[in-house]
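Participant: everything below, folded, please.
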Amino acid sequence: MTPRVPEGYDPQAFTPFAVAVDLAVFTVRDDGLQVLLVERGQEPYAGRWALPGGFVLPRESAESAARRELAEETGLFDVSGLHLEQLRTYSEPDRDPRMRVVSVAFAALGPDLPEPRGGGDAARAVWRPYGTSEGSDGLAFDHDRILADAHDRIGAKLEYSCLATSFCPPEFTLGELQQVYETVWGTALDRPNFRRKVLATPGFVEAVPGAARLTGGRGKPAALYRAGDATALHPPLLRPAPARTLPSEGRTP
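Facilitator: Numbers count the residues shown, from 1 in each chain. Purely as a prediction, here's the structure:
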């Protein structure tokens, strides 16, 4: 049964606003964490770098709009291996100079994603190293904040979920998995300790029988693994705590 509109309800009594989507897309390329950016081809902020995104169409869900805008603005049509999750909603009244725009932001990540190409409202689309991608003026709109929030979300989820395997190809070495953690967290990890924790975590990874890959240098080929059936890590794989600096006051030289 279709719900009835309440008698006397006037939708014109509410100020209209638009709903948009923005995507913070990460991948590991050239041994570093990179983010997908587009150069805006139209005002506002024409010529500035921004996250890919756009307005949600009337008969479209936010997730469908995110995938459509990603394809239109960057040419990444085949994103079957892309992990996409909703980040949060950004609704500051003045975040867009055109009108009130509420944005549903998504974090996305995938293994060694292909080169993008600009399209739609985007003059160009490029991969840029995270942390050096924003430029002196920062990203358009509030996209610096969205990007930082997405990076924080991914870094935290690596501790208690199997999200790191989304950065890896279908079959990967433990060294490649460790590189994901080191790249996202920005810190080096002890190799034997990392290997021991990964293999001791039920369902995190599973060995590919008889498969191995030469990884360069000397030694035997490295065994290959694939993502296991677990979705959460028990116990969590916690990032190393930053080194503490003792205060100098009161210390004997």
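
Participant: what count of nearby residues applies to residue 38?
Facilitator: The number of residues packed near residue 38 is 27, by other C-beta atoms under 10 Å. Heads up, the C-betas are built off the backbone N, CA and C, glycines and all.

Participant: pLDDT below threshold where in the stretch 1-150 of the chain?
Facilitator: Within the stretch 1-150 of the chain, the ranges that satisfy pLDDT under 70 run 133-136.

Participant: do a quick rundown of the helices in it.
Facilitator: Under the criterion DSSP state H, counting those that start in this stretch, the stretch 1-150 of the chain contains helices at 62-74, 143-160.

Participant: what distance separates the last one from the middle of the whole chain?
Facilitator: Yep, that's helix 143-160 we're talking about. 7 Å (C-alpha atoms, centre = their mean, to the nearest Å).

Participant: and stretch 66-83, by the same measure?
Facilitator: With C-alpha atoms, centre = their mean, you get 13 Å for stretch 66-83.

Participant: measure residue 30 to residue 128 for me?
Facilitator: The spacing between residue 30 and residue 128, counted by C-beta to C-beta, to the nearest Å, is 11 Å.

Participant: actually residue 42, not the one I wrote
Facilitator: 21 Å.

Participant: for residue 105, same thing?
Facilitator: Distance from residue 105 to residue 128, by C-beta to C-beta: 18 Å.

Participant: give me the more crowded residue out of these two.
Facilitator: In this view residue 105 and residue 128 are compared by other C-beta under 10 Å, and residue 105 has more residues nearby, 26 against 14.

Participant: was I right to think that one contacts residue 146?
Facilitator: Yes - with contact defined as C-beta atoms under 8 Å, residue 105 and residue 146 form a contacting pair (4.9 Å).

Participant: what residues do those two have in common as contacts?
Facilitator: Common neighbours of residue 105 and residue 146, counting by C-beta atoms under 8 Å, 6 or more residues apart in numbering, are 22, 24, 87, 90.

Participant: the last one contacts residue 142, correct?
Facilitator: In other words, residue 90. Yes - Residue 90 lies in contact with residue 142 (C-beta under 8 Å); the separation is 6.0 Å.
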